[in-house]
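*Asks:* pasting the sequence and the predicted coordinates here, then a few questions.
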Amino acid sequence: MSGLVPMHHCNYQITIGIERDDPDNYVQINSPGAKITCRILNNNTWVITSYYQNSGSVTPMFKELLIPDVTERLTLNITFDGVNKTNTIYCNGNSPITTPFYAIDRRDLPYPDFACGWIKFTNYVVGRGTFVNTKIFEITQTAERNFITSVGDKRIIPYGIDGPHNYETVNRGISHMVKNDNKGTIWFDVKYLDDEAYIEYLRDLVHNESWEVGIHYSESLNRMPLERSYELMENEYNIISQKIGSNPTTCCSLRNGDELTHATYAYDKFGMIWRNGDAGIHAENVVGNLEDRTWEWWKRASCVGMISPVFTHRTDEDPAIPWSISYPNFLTWVDNYNARDIKIVPFGRWWKINSNTNQANFGDIESNGKRTTFKAFTNGAYALANVNISASRNTKVYDDTSGERIKWEQQPDGSITFKVENEHQYKIITD
């Protein structure tokens, strides 16, 4: 289930039914930060189990919730808390259970997390069973409402390229993105900085086309002593910053050979966000790399507008080398998202925009039913502000700081949502 809104705090209400021929058969629900299983005993008692990894053991820890006398369907409430890194599960008035995020490398990140916009259901047939069917009746997502609430943007997908590899292996792919007003991250590797003409082209993307600088450390950090890895991280960060003229905002390393310790150092020392881990490209295993090997998954995902962090190496060859995507497939991938009005953006920008669901706030709010004014304060990226008014088609929104009229989108409850910039003043006029 995709199309959900990235949020730091939200609640998922999931109504499902399970058909099975053995009580050991179960359905697994992977919601953001959570690994939950549901199975039904022979007496119609549902067993809801929430797992979380234990640093001291390979066996996960868990908590269980027993719900008796469920004959057809059950509604689960899962509250995602990306600041405290917990999921709380409750249903039918029963006492809730709260567990840490399942993955250690997600719950111990040194910065708040947000839900990534999808929920996965997987059926498991075990023991003597032969089948299990999961009926999904309804999924809703809610968040705490204020008069003005910052919500995540489900119409952007984070993307970038490693290296970058030789100009002739990425030029057409980059040109197609730029032509369609898409942007990405370039995870620079010091081993690919020899061609000064090429580097100047990449600088232009960063400084004039709003692409983003990331860093791809030239070695696998987890294959060297920790202090040595810190030295390499600092040295190559300085090289990339000086060479490109802009500081990296996200990081990864050779063969994705890094871990939570490196992510913590990168954030504490340089303010960089980790590309990898359960909150990054490993949110859905295997498919974090856009390549021909994963193309069947990405073809379907891009057609329906599913959002998941992704990177690749080369875009222009056909057929592609390993870890890269063939040029026709890359064009299809870009065009599929554009057809659904979803923009491809740099990884760090995606993170900051959706982090505004925790960091943005609004002041100087005045409203009399016909005129509403307020000032927005964001983390530097734009935020999506939902204003709880009853709008009509004659409603007008103005950015009084820039003097521009703002496009807005009406929600099913009549409220409106629009982009706001840091320290800008806004005015809404409703006839």
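*Replies:* That came through, no problem. Numbering: from 1, shown residues only.
*Asks:* just the helices in the stretch 201-350 of the chain please.
*Replies:* 226-244, 260-270, 295-304, 327-339, 347-359 (DSSP state H, counting those that start in this stretch).
*Asks:* quick one: contacts of the shortest one?
*Replies:* With C-beta atoms under 8 Å, 6 or more residues apart in numbering as the test, helix 295-304 has contacts from 2-3, 286-287, 290, 308, 310, 325-326, 329, 332-333, 336-337, 340. For every residue, glycine as well, the C-beta is placed using N, CA and C.
*Asks:* now do the buried residues in stretch 229-241.
*Replies:* Buried residues in stretch 229-241, defined by neighbour count with 16 or more other C-beta atoms under 10 Å: 229, 230, 232, 233, 236, 237, 240, 241.
*Asks:* how about stretch 178-190?
*Replies:* Buried, per 16+ other C-beta under 10 Å, within stretch 178-190: 182, 183, 184, 185, 186, 187, 188, 189, 190.
*Asks:* mind pulling up the pLDDT for the residue nearest to the fifth one when sequence neighbours are not counted?
*Replies:* The shortest distance from residue 186 to any residue other than its chain neighbours is 5.5 Å, reached at residue 164 (C-beta to C-beta, 6 or more residues apart in numbering). In the predicted model, residue 164 carries a pLDDT score of 96.
*Asks:* could you measure from residue 164 over to residue 392?
*Replies:* For residue 164, the distance to residue 392 equals 48 Å [C-beta to C-beta, to the nearest Å].
*Asks:* looking at those two, which one has more neighbours?
*Replies:* Taking other C-beta atoms under 10 Å, residue 164 and residue 392 do not tie; residue 164 has more neighbours (26 against 10).
*Asks:* my guess is that one contacts residue 188. True?
*Replies:* Yes. Contact criterion C-beta atoms under 8 Å: residue 164 and residue 188 qualify, at 7.5 Å.
*Asks:* give the residues shared as contacts by those two.
*Replies:* Counting by C-beta under 8 Å, 6+ apart, the residues touching both residue 164 and residue 188 are residue 202.
*Asks:* before we move on, back to that, tell me which of the buried residues of stretch 229-241 is nearest to residue 260?
*Replies:* residue 229 (12.7 Å; C-beta to C-beta).
*Asks:* ok, the nearest residue to the closest one once chain neighbours are set aside - how many residues close by?
*Replies:* Of all residues not flanking residue 229 in the chain, residue 221 sits nearest, at 4.2 Å (C-beta to C-beta, 6+ apart). Using other C-beta under 10 Å, residue 221 has 26 neighbouring residues.
*Asks:* OK, contacts around residue 221?
*Replies:* Residues in contact with residue 221 (C-beta under 8 Å, 6+ apart) are 229, 232, 233, 253, 257, 258, 259, 262.
*Asks:* let's check: the centremost residue of the chain is which one?
*Replies:* residue 116 (3.7 Å; C-alpha atoms, centre = their mean).
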